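Engineer: show me the folded form of this:
(4 chains)
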There are 2 protein chains.
Amino acid sequence: MEKKTGKRAKGPTVRSVAERAGVSKSLVSLVMNGSKQVSEKRRDEVLKAARELGYRPNALARSLVSGRTNTVGVVISNVANPWWVALERGLSEELDRHGVRALLADPRMDPEVADGLVEAFLELRVDGMVFLGTQPVEEVARNASRVVPTVLTSFSRPIELPNVDCVNVDDEKGIALVLEHLCALGHRRIAYVDGSDRLVTSDNARLAAYLSQMERLGLSAEIRTDISDVPLNEDVGYDAARRLLGAEVPPTAIVAGSDLGALGILAAADDLGARVPQDLSVTGFDNTRLSSIRHVSLTTVDPNGREMGRLVAQCLAGRIESPDRPRRDELVEPSLVVRATTGPAPGR
Amino acid sequence: MEKKTGKRAKGPTVRSVAERAGVSKSLVSLVMNGSKQVSEKRRDEVLKAARELGYRPNALARSLVSGRTNTVGVVISNVANPWWVALERGLSEELDRHGVRALLADPRMDPEVADGLVEAFLELRVDGMVFLGTQPVEEVARNASRVVPTVLTSFSRPIELPNVDCVNVDDEKGIALVLEHLCALGHRRIAYVDGSDRLVTSDNARLAAYLSQMERLGLSAEIRTDISDVPLNEDVGYDAARRLLGAEVPPTAIVAGSDLGALGILAAADDLGARVPQDLSVTGFDNTRLSSIRHVSLTTVDPNGREMGRLVAQCLAGRIESPDRPRRDELVEPSLVVRATTGPAPGR
DNA sequence: TTGTACGCGTTATCAG
DNA sequence: CTGATAACGCGTACAA
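Structural biologist: From the prediction side, this is the model:
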């Protein structure tokens, strides 16, 4: 039987530093925490010793006594779709200002892995958790929220959990921006394409927004949707567009629930010989890097991810301060990014 | 002066569980670690008590004594460019099999932030560090490697550090695949576009590969390059392509050092009215999701990121076992993904 | 200003 | 199998 690879060689500790500097452990501790109550001379000696030894405080031990880690765990539901990048950026920046670091984790779209990662975070005693994205982590999030301050963001349908803050883009507003833009260009036959999580199509906020906004614009008669029962991706968008464009009276514009879906629509238009935007206008949602590629140049909705991230950080920081305050439910204002895939309706 | 928000309410501990189950702390510890030396009855009692209390072992305390955290830190140099996703996936999967979790961090392209994140990881006493990507973290990586097992991957130029393993794609092979493919299609005037890190153009492995492979193919006379002094992105590719295609005798094919660069080239071709692939063939490198978009359909090199990730994990696991073993320098075999942006040379 | 002693939650050791 | 007891590295009253 071999020994299970013994402990790693321990680095220098407060004790070693204290010895080398010829002082007590307490003093080292005081210096490391920037206490004002220590003489210049001693301070310098300690710092010198620490540097020479390559001393680095042990966050584990510190947290064990302080009860805080100044670290929050962020679970990113689907790393592959880079819509979260802006959000994570705003989040990290704002957390920085609170002296907190974000550690990211990728559940690989597997609920079990997600579970394990959250468990790991909780065992590490993170001060808070953020769940960034939709589907696979909801149940997990529910459990985590009972143990630690938790914020949910970019969930595709509203979720109300006690003591859990939510931050989302205002889907209603986003879709309204798109539809008004298309209307102003003279479009009337505007179709909507999306997928859905867990077959709960009725909870899809963007779809709901499309329906209500079309009505508001007096276009109830023109409503046409193609909603898949799996999450929207390029293939789903492609198939949906082929169906819609194959109809007797095809739409002049198609609104997609995500940039990825819109790309599928563009591909379908290509294959069917429909010119964009002369014959067909297409819009996306998310303003991912994909949409800004010149070769694509997609008109889309920018959810203002950075701002969302900041809000998430603020919610979390607030809840860490007072865990039992009433829940917040924030909605962030999106904006429209007009690029090259939308134009005047045909025959106008 | 307000108190600095007291410690979080401590959860249940071994002690509470022991009391509730009417046993000693030691027994609880044994049960939690799945010792075989404990009776069914006792085990069940303990587990029941733990469940009822919502007990969760404190990884901090555990690591404090064990000296291991079973956690490695992964610094991702540029989160926005999703080429790393496949690699991270392979990495996490393989680490899983070693009972180790990957925690990700985003330095936001800021060396200082990177420094802070690494410091945080080291204070958390991660068992190892992975640096995934190029530029901004090199100096930081060097420092980390003196403290903890470290693996570098996807650095654009070779780096030799004592005790640091490296995993990279075989750039020479990748470029060779591309050039052979283009040659077979009858191309001879094949140009190369890339950027560079830190103005060290001479260390660019892909550029070097292009030069040597062109020579090998007997095309030394046709060598044409456009190398920017900033990292390659869409704009850089766009500008380079405009220059190349504006020449008296323009190339019939352009090879880019990344998918993003290739997209810029495609945009330039569009603007100049050059049809792809009839008038111009274009290739990328990375096989990011960008290239697989139907609307783009870019011929590119797949670096086999998942395999790279696995190798990284193996290197790291190995070095954690024996920190002083000789350094490994792994090269992963890439493959060519032929899509729609390459075709026969004009006039053929 | 500096030193001492104790606790944080675990694991490991060793004698019952 | 069980139950004390000693680390692990650090913060912090309390005492000197």
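Engineer: how deep is the residue in the stretch 101-250 of chain A positioned nearest to DNA strand D tucked in, by neighbour count?
Structural biologist: Nearest residue of the stretch 101-250 of chain A to DNA strand D: residue A:125, at 13.0 Å (CB to the nearest atom of the strand). Just so you know, the C-beta spots here come from the backbone N, C-alpha and C atoms, and that holds for glycine as well. The number of residues packed near residue A:125 is 23, by other CB atoms under 10 Å in any protein chain shown.
Engineer: what about residue A:254, which SS state?
Structural biologist: The local conformation at residue A:254, judged by DSSP: H, G, I helix; E, B strand; the rest coil, is strand.
Engineer: okay, and the beta partners of it?
Structural biologist: Assessed by DSSP bridges, residue A:254 has beta-bridge partners residue A:191, residue A:282.
Engineer: buried ones in the helix or strand of chain A with the lowest mean pLDDT?
Structural biologist: Lowest on mean pLDDT, DSSP states H and E among the helices and strands of chain A sits helix A:138-144, with a mean of 82. Going by neighbour count (16 or more other CB atoms under 10 Å in any protein chain shown), the buried part of helix A:138-144 is A:138, A:140-141, A:144.
Engineer: for it, name the packing helices and strands.
Structural biologist: Contacts defined by 3 or more CB pairs under 8 Å, 6 or more residues apart in numbering or on different chains; DSSP states H and E place helix A:138-144 against helix A:111-123, strand A:128-132, strand A:150-153.
Engineer: which parts of the stretch 151-300 of chain A are strands?
Structural biologist: Per DSSP state E, counting those that start in this stretch, the stretch 151-300 of chain A carries strands over the ranges A:164-169, A:190-194, A:224-227, A:253-256, A:281-283, A:300-302.
Engineer: quick one: the longest one to chain centroid distance?
Structural biologist: Translated: strand A:164-169. 11 Å (CA atoms, centre = their mean, to the nearest Å).
Engineer: neighbouring strands - and their directions - for that strand?
Structural biologist: Within its sheet, strand A:164-169 is paired with strand A:150-153 (parallel), strand A:329-332 (parallel), according to DSSP bridges.
Engineer: what ranges does the stretch 1-150 of chain A have for its strands?
Structural biologist: Under DSSP E, counting those that start in this stretch, the stretch 1-150 of chain A gives strands at A:71-76, A:101-105, A:128-132, A:150-153.
Engineer: what's the burial count for the residue of the stretch 1-150 of chain A found nearest DNA strand C?
Structural biologist: Here the stretch 1-150 of chain A gets closest to DNA strand C at one residue, residue A:24, 2.7 Å apart by CB to the nearest atom of the strand. A count of nearby residues for residue A:24, using other CB under 10 Å, gives 13.
Engineer: ok, it - contacts?
Structural biologist: Shown in contact with residue A:24 (CB atoms under 8 Å, 6 or more residues apart in numbering or on different chains): residue A:18.
Engineer: check it and give its pLDDT.
Structural biologist: pLDDT, residue A:24: 84.
Engineer: how much space separates it from DNA strand D?
Structural biologist: Relative to DNA strand D, residue A:24 is positioned 8 Å away (CB to the nearest atom of the strand, to the nearest Å).
Engineer: what's the average pLDDT for the top helix by length along chain A?
Structural biologist: For chain A, the helix with the greatest residue count under DSSP state H is helix A:305-321. Averaging pLDDT along helix A:305-321 yields 96.
Engineer: which residues sit against that helix?
Structural biologist: For helix A:305-321, the surrounding residues in contact (CB under 8 Å, 6+ apart) are A:72, A:83-95, A:98, A:100, A:127-128, A:130, A:149-151, A:153-154, A:163, A:165, A:167-169, A:325, A:328, A:330, A:332, B:5.
Engineer: could you give the angle of it to strand A:101-105?
Structural biologist: 110 degrees (axes from the mean of the first three to the mean of the last three CA atoms, to 10 degrees).
Engineer: and the angle for helix A:305-321 with strand A:71-76?
Structural biologist: With the same axes, to 10 degrees as the basis, helix A:305-321 and strand A:71-76 are set at 140 degrees to each other.
Engineer: circling back: out of the strands of the stretch 151-300 of chain A, deepest packed?
Structural biologist: With neighbours taken as mean count of other CB atoms under 10 Å in any protein chain shown, the strands of the stretch 151-300 of chain A reach their highest mean count in strand A:253-256, at a mean of 31.
Engineer: mind showing which ranges of chain A have poor pLDDT?
Structural biologist: Within chain A, the stretches with pLDDT under 70 are A:1-10, A:134-137, A:156-157, A:197-203, A:348.
Engineer: which positions in it make contact with DNA strand D?
Structural biologist: Neighbours of DNA strand D within chain A, by CB under 7 Å from any atom of the strand: A:10, A:13-15, A:25-26, A:29-30, A:32-33, A:55, A:57-58, A:61-62, A:64-66.
Engineer: residues in contact with residue A:142?
Structural biologist: Contacts of residue A:142 (CB under 8 Å, 6+ apart): residue A:161.
Engineer: alpha carbons of stretch A:105-122, as PDB, please.
Structural biologist: This file holds the C-alpha atoms of stretch A:105-122, laid out as PDB (Å, rounded to 0.1, in the frame of the first residue of the first chain):
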ATOM      1  CA  ALA A 105     -17.600  27.500 -12.700                       C
ATOM      2  CA  ASP A 106     -18.800  25.600 -15.800                       C
ATOM      3  CA  PRO A 107     -21.400  22.900 -15.100                       C
ATOM      4  CA  ARG A 108     -21.000  21.600 -18.600                       C
ATOM      5  CA  MET A 109     -24.700  21.600 -19.100                       C
ATOM      6  CA  ASP A 110     -24.900  18.700 -16.700                       C
ATOM      7  CA  PRO A 111     -27.200  19.100 -13.700                       C
ATOM      8  CA  GLU A 112     -25.100  16.600 -11.700                       C
ATOM      9  CA  VAL A 113     -21.900  18.400 -12.400                       C
ATOM     10  CA  ALA A 114     -23.700  21.700 -11.500                       C
ATOM     11  CA  ASP A 115     -24.700  20.100  -8.200                       C
ATOM     12  CA  GLY A 116     -21.200  19.100  -7.400                       C
ATOM     13  CA  LEU A 117     -19.800  22.500  -8.300                       C
ATOM     14  CA  VAL A 118     -22.200  24.300  -6.000                       C
ATOM     15  CA  GLU A 119     -21.500  21.800  -3.300                       C
ATOM     16  CA  ALA A 120     -17.800  22.600  -3.700                       C
ATOM     17  CA  PHE A 121     -18.500  26.300  -3.500                       C
ATOM     18  CA  LEU A 122     -20.500  25.900  -0.400                       C
END
